[in-house]
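1. A structural model of the following input is requested.
(chains A and B)
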Amino acid sequence: MSGGWSGIPWSWNIITDVRLLWSFEFMRNALEAGTIIGILAGIVGYFVVLRRSAFASHALGHTGFSGAAAAVLVGAQPVYGLLVFTMVTASGMAVLGKRASSRDVTIGTMLAFALALGLLFLSLYNGYAQEAYSILFGEVLGISSSEVALTFWSSLGVLAVLVLIYRPLLFSSLDEDVAEAKGLPLTLLNLAFLLLLAVTISFAVQIIGVLLIFALMVTPAAVAVRLTSRSLSAVVVSVLLAVTGVWAGLFVSLWTNYPPSFFIVGIIFFEYVCVRGIGALRATALLQGIEAPEEEGVRSLRNAALAASVSQVLFVGGAAVLFLSLLSVPLAAWGSSVLSGRELGAFVALGSAAILGGVSSLLYFSGFRKMATSSREFTTPAFLTLVGLLGIGFTVGGLGLYLAGVDLASSAYGLAPVAELFGAPLLLLGAIFAVVGFAGQAVGGWRMGLRYREGSLRAGAILMILPLVGYGVSFFGYRRALARGTPPGPPVPST
Amino acid sequence: MDADFLPSHPPVYRSAVAPLAGSGTPAIHAERVEVRYRNKLVWREATFDIRAGEFVAVIGPNGAGKTTLFRMLLGLHWPSSGLLSVLGAPPHRGNYRIGYVPQRHTLDEDTHLECEKLVRLAYPGTRWGPGQRWRPLQWGPRFHPGAEREAAAQALEDVGASDLGSRSLGALSGGELQRIFLAEALVGNPDMLLLDEPLSNLDLRRSRELVETIHGLVRARGVTTLLVAHDINPMIKCLNKVIYIANGKVAVGTPDEVLTTERLSSLYGVHVEVLRDSRGNIVIVGGEDERGEEGA
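-> Numbering: from 1, shown residues only, chains lettered A, B, ... in the order given. Okay, the predicted model is just below:
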């Protein structure tokens, strides 16, 4: 893939890191092409999901494989072969499979033939291993600036046509028979759409390869339609998810020296799992509310606010003590010095803060659920509280994995990088979930305090901002330590 | 509104009087119509008139050619011989004066889209470009801004589904979905409604409710309505006419004329018994292949 590239040093200062990434030309090209494709795939993908053409997009990707192989065989750029083959196949699909019900068989038949052709071309071409690998799994870091330009102009063309046929396409996707009766040209619309899909796929293959095309073409849109039922917002969400996946995948891949396609697909898959999981959670009885008098709900919430406040104070106090004492220790002695009594006390405070925090979240949850029976507006805080609890779980799990990975790295286990790889994102995600969850908890508590004129609820909500202050203090403490020299932690992945 | 903005579609949703009501021209005129599907005779010798503003049930066994009748009226299928005119003109595809609810639908419970969007897309359903604000990209009739939203809201209100507008299509029950489809058919302010088995998946109570809604529309707007149904009983009291299609033949008349033992027996060529209970419900026994009909 990217030769002997061994990952860039990660400084934990996002601005410097992004600036560093941007200074590499191959990275600029990859980011530009990735962004264009992310936008295009997000939009076209919405129609793929709506028209149930997931199989068609999968098949077009595979057809592209033989196109690329043919192009390599005759010494042309793979993308031209991709374009020709996918567009011919798309036309065939549109002509042969008129009705949605009979499409699958047509598509599958053409798919098998196309793949067989690809095999033939590959065997005719001698040095095939590297080329085949990059077609199958993408080579986003090998994109040249002329390819970026081609991608850009073609994407503009696709978008222009899509804007033009937006309404009829949407209508015929939703209600084929009525659209036909209204005089819309169904076959033409289907052909136009499949051609747009073919072009989009041909360029997306450069990023993530024919085997993984599904993740970029279908999954973001499938996630988006579950989040919103408005067509325009679904398109926007789908684009955001696809672009986030590409960016985050590229960044993480450069940082860790593993293939970008894996991270792009992995992140998009994770988005999918989260949304499905949240959807399943929302449907369960957990969030349906419990029958209880209002006073009882308010009482639970008051107790929750109390527990949360004590927990936050303990947390911030413990963290402050710990950091102050760490800063006073010479750098060389970090990690090896014996804990002083003060530090031990700080750890105990942090531990009890965590336990109390968990208890308060549970109390908030039950309080919101009791309120939810009288007012639907409190199902959201209840849900967010659950997300926060999930975040705590993720954070603990991620931290464990990460530390285990660092620990294993000294020995020769091949598992070490895997543990690190999954531990760090899990940790980050857990932190995000926790922050979102606690924010929801705080806002819900604040609104409840306003409604029932409960000062303690409002005070609890305000105190919940304290951990953010704590994070800020820790961050600046760390920066100060950095300024004094290279600290030993948090550990940089050893590669 | 500017003269060049005058649409061929009515820009305002509600027209006070159906144009054809009382004018003497029948909404549907069929003369010795014969229809074939893939070279197989479906039915022939159909001669009938449906007057404007009538509420008509189309009944008959599966595969008798009820949907084919609708497809002919929509201009999607041509009679192999005979004369057919719809709303005073030969049937043609894309007739905006007809609202259509097909039997088969593309969407299912995985369709996550607001109901209002579907209704708006059907107004009038043939426009290109992304939305109503993109005037330069629009072909065909133009509308004043907001017309689409108003029309959709009005159509949803008329079918008693205003509260469903922001719900997702995939989350609706069968009865709610049928109301949305009805609104989708109504939104262009048509003079004729063709409803293909809207009651098929509904229980008796929902069926009656939907029939009441449809009957209300027929009376309030004078819109000619043809409704394919398996069970005629939920609507028997509101019907003006019945079109009974069976055995390659078409019988048309008031329910009392058509749904009699003599008439149906002669239509089928075998003995068919039409039974009525004390409340006017009808059971048809016998008929094609001597099987019990689903008409009860």
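
2. helix/strand/coil for the closest residue to chain B within the stretch 151-300 of chain A?
-> Closest contact between the stretch 151-300 of chain A and chain B, by CB to the nearest CB, is at A:Gly183 (2.3 Å). Placement of C-beta: from N, CA and C, glycine included. At A:Gly183 the chain is in coil, as set by DSSP: H, G, I helix; E, B strand; the rest coil.

3. Once you drop chain neighbours, what's closest to the residue in the stretch 1-150 of chain B that chain A sits nearest to?
-> Per CB to the nearest CB, B:Gly94 is where the stretch 1-150 of chain B lies closest to chain A, at 2.3 Å. The shortest distance from B:Gly94 to any non-neighbouring residue, by CB to CB, 6 or more residues apart in numbering or on different chains, is to A:Gly183 (2.3 Å).

4. Pull the number of nearby residues for the one you found.
-> Using other CB atoms under 10 Å in any protein chain shown, A:Gly183 has 18 neighbouring residues.

5. I'd like to know how far it sits from B:Val242.
-> Going from A:Gly183 to B:Val242 by CB to CB, to the nearest Å gives 30 Å.

6. can you check A:Leu403 too?
-> For A:Leu403, the distance to B:Val242 (CB to CB) stands at 79 Å.

7. just A:Arg447 next, same as before
-> 59 Å.

8. Next, give phi and psi for B:Glu34.
-> Phi and psi for B:Glu34, reported as degrees, to the nearest 10, are phi -120, psi 140.

9. oh sorry, the question was meant for B:Glu31
-> phi -130, psi 110.

10. Identify the residues contacting it.
-> Under the criterion of CB atoms under 8 Å, 6 or more residues apart in numbering or on different chains, the contact list for B:Glu31 reads B:47, B:82-84.

11. By neighbour count, sort out the buried ones in those.
-> B:Leu84 (16 or more other CB atoms under 10 Å in any protein chain shown).

12. Need the contacts of B:Glu31 in JSON lines (columns: distance to chain A and secondary structure).
-> Formatted as JSON lines, the contacts of B:Glu31 follow (distance: CB to the nearest CB, whole Å; DSSP: H, G, I helix; E, B strand; the rest coil):
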{"residue": "B:Thr47", "distance to chain A": "25", "secondary structure": "strand"}
{"residue": "B:Gly82", "distance to chain A": "21", "secondary structure": "strand"}
{"residue": "B:Leu83", "distance to chain A": "22", "secondary structure": "strand"}
{"residue": "B:Leu84", "distance to chain A": "16", "secondary structure": "strand"}
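
13. Return the set of buried residues in stretch A:369-385.
-> A:369-373, A:378-379, A:381-385.

14. follow-up on the earlier one: and the contacts of B:Glu31, which is closest to A:Thr187?
-> Set against A:Thr187, the nearest of the contacts of B:Glu31 by CB to CB is B:Leu84 (25.5 Å).

15. Wait, that closest one touches B:Pro26, no?
-> No: using CB atoms under 8 Å, B:Leu84 is not in contact with B:Pro26; the gap is 11.3 Å.

16. how far away is A:Ser19 from chain B?
-> Check again: residue A:19 is Arg, not Ser. Distance of A:Arg19 to chain B, computed by CB to the nearest CB, to the nearest Å: 37 Å.

17. do you know how far that residue is from A:Met27?
-> Using CB to CB, one gets 11 Å for the distance from A:Arg19 to A:Met27.

18. Chain neighbours aside, what residue packs nearest to A:Trp22?
-> Leaving aside its sequence neighbours, A:Trp22 sits nearest to A:Arg28 (CB to CB, 6+ apart; 6.1 Å).

19. Other residues contacting stretch B:248-267?
-> Stretch B:248-267 is contacted by residues B:41-46, B:48, B:50, B:57, B:232, B:236, B:239-247, B:271-274, B:282, B:284, B:287 when judged by CB under 8 Å, 6+ apart.

20. Pull out the buried members of those residues.
-> Among the contacts of stretch B:248-267, those classed as buried by 16+ other CB under 10 Å are B:42-44, B:46, B:48, B:50, B:57, B:232, B:236, B:239-247, B:272, B:274, B:282, B:284, B:287.

21. mind showing which ranges of the stretch 101-250 of chain A have poor pLDDT?
-> Along the stretch 101-250 of chain A, segments meeting pLDDT under 70 span A:101-102, A:127-129.

22. follow-up on the earlier one: ok, of the buried residues of stretch A:369-385, which one's closest to A:Phe347?
-> Using CB to CB, A:Thr385 is the member of those that lies nearest A:Phe347, at 26.4 Å.

23. Wasn't that closest one part of a strand?
-> No: secondary structure of A:Thr385 (three-state DSSP): helix, not part of a strand.

24. Report the contact partners of the closest residue to it other than its chain neighbours.
-> Using CB to CB, 6+ apart and skipping residues adjacent in sequence, the residue nearest A:Thr385 is A:Phe365, 4.5 Å away. When contacts are counted by CB under 8 Å, 6+ apart, A:Phe365 touches A:382, A:385-386, A:389.

25. Do you know the pLDDT at A:Phe365?
-> If you check A:Phe365, the pLDDT there is 85.

26. Now name the helix or strand holding it.
-> Using DSSP states H and E, A:Phe365 falls within helix A:341-372.

27. can you count the residues close to B:Arg38?
-> 5.

28. Before we move on, what's the pLDDT of it?
-> At B:Arg38, the model reports a pLDDT of 85.

29. Could you pull up the residues touching the residue nearest to A:Leu194 when sequence neighbours are not counted?
-> Spatial nearest neighbour of A:Leu194, excluding adjacent residues (CB to CB, 6+ apart): A:Ala90 at 3.8 Å. Listed by CB under 8 Å, 6+ apart, the contact partners of A:Ala90 are A:60, A:191, A:194-195, A:197-198.
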